[in-house]
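1. pasting the sequence and the predicted coordinates here, then a few questions.
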Amino acid sequence: MPVFKNEGNGTWYVMARYVNWKGERKQKCKRGFATKREAQEWERKFQLQNSADLDMDFEDFTELYKNDVKNRLKENTWLTKEHIIRTKILPYFGKMKISEIGTKEIIAWQNELLAYRDEKRSPYSQTYLKTVHNQLSAIFNHAVRYYDLRSNPAAKAGNMGSEEHKEMLFWTKEEYKKFADEMMDKPVSFYAFEMLYWCGIREGELLALTAADYD
């Protein structure tokens, strides 16, 4: 067992040996555990994650998921996903083994979210419920695609919530000109709205423009 006691300060440390994704033999040292049990538990979880053993807890798999996808996403996109995972998914599934989560557990979780009411007795919106479910399903899809989980129980259980199609309103030319007249004393804002309105571009496209984009 690669767990040792530091006689100098009484803490425990782990020397874990593993093979990385390149097939190279590596060694990882983790120090500062107060007890031998804590050190052994850390080593157990580390080896499960490194071997992608789906007998691991769901919360441990989310760390693999984070390491795999975070750097591929915009920061705000990841922060939104991370908040949903931390507040809506891990409190229910965190300590369950990912390989043992089935449609029964998914449906029970859905029912809890569907029954939720805030202090004003308002439920979660249909769009939000759909977003939360999609995030859970994305984690299971990742496990199926890259870590050989047999199937996605969230997909089998079926979605909850739905897209809310809201009416999109547009300014007429006369309405925009009236607005633009009020903005002329704020040059930066005025030019930004001019480009947004007359070019029909989105806010993100505007913010991505550089001097080199202009003819």
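-> Great, that's in hand.
2. can I get the longest helix along the chain in PDB, CA atoms only?
-> Assignment by DSSP state H gives helix 126-147 as the longest helix of the chain. Extracted in PDB, the C-alpha atoms of helix 126-147 (Å, rounded to 0.1, in the frame of the first residue of the first chain):
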ATOM      1  CA  GLN A 126     -39.700  24.800 -18.300                       C
ATOM      2  CA  THR A 127     -36.600  26.000 -20.100                       C
ATOM      3  CA  TYR A 128     -34.500  25.800 -16.900                       C
ATOM      4  CA  LEU A 129     -35.700  22.200 -16.200                       C
ATOM      5  CA  LYS A 130     -34.800  21.200 -19.800                       C
ATOM      6  CA  THR A 131     -31.300  22.800 -19.400                       C
ATOM      7  CA  VAL A 132     -30.600  21.000 -16.100                       C
ATOM      8  CA  HIS A 133     -31.700  17.700 -17.500                       C
ATOM      9  CA  ASN A 134     -29.600  18.200 -20.700                       C
ATOM     10  CA  GLN A 135     -26.500  18.800 -18.500                       C
ATOM     11  CA  LEU A 136     -27.000  15.500 -16.600                       C
ATOM     12  CA  SER A 137     -27.500  13.700 -19.900                       C
ATOM     13  CA  ALA A 138     -24.300  15.300 -21.300                       C
ATOM     14  CA  ILE A 139     -22.300  13.900 -18.400                       C
ATOM     15  CA  PHE A 140     -23.700  10.400 -19.100                       C
ATOM     16  CA  ASN A 141     -23.200  10.800 -22.800                       C
ATOM     17  CA  HIS A 142     -19.500  11.600 -22.100                       C
ATOM     18  CA  ALA A 143     -19.300   8.400 -20.000                       C
ATOM     19  CA  VAL A 144     -20.800   6.300 -22.800                       C
ATOM     20  CA  ARG A 145     -18.700   7.800 -25.500                       C
ATOM     21  CA  TYR A 146     -15.300   7.900 -23.900                       C
ATOM     22  CA  TYR A 147     -15.400   5.600 -20.800                       C
END
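3. spit out the contact partners of the closest residue to N6 other than its chain neighbours.
-> Excluding its sequence neighbours, the residue lying closest to N6 (CB to CB, 6 or more residues apart in numbering) is Y13, at 6.0 Å. The C-beta positions use only the backbone N, C-alpha and C, and glycine is treated the same way. With contacts defined as CB atoms under 8 Å, 6 or more residues apart in numbering, Y13 is in contact with V3, F4, N6, C29, K30, R31, G32, F33, A39.
4. the second one against W12, yeah?
-> Yes - taking CB atoms under 8 Å as the definition, F4 is a contact partner of W12 at 6.8 Å.
5. and the two? which has more neighbours close in?
-> A side-by-side neighbour count of F4 and W12, using other CB atoms under 10 Å, places W12 first with 20 against 14.
6. can you list the residues that contact the helix or strand following the longest helix of the chain?
-> With elements assigned by DSSP states H and E, the helix or strand that comes after helix 126-147 is helix 153-157. For helix 153-157, the external contacting residues (CB under 8 Å, 6+ apart) are I101, G102, T103, E105, I106, I107, Q110, H133, L136, S137, F140, N141.
7. next one: helix 153-157 to chain centre, how far?
-> Per CA atoms, centre = their mean, to the nearest Å, the displacement of helix 153-157 from the mean C-alpha position of its chain is 18 Å.
8. and the next helix or strand past it?
-> helix 173-183.
9. mind listing the residues bridging to R17?
-> Q27 (DSSP bridges).
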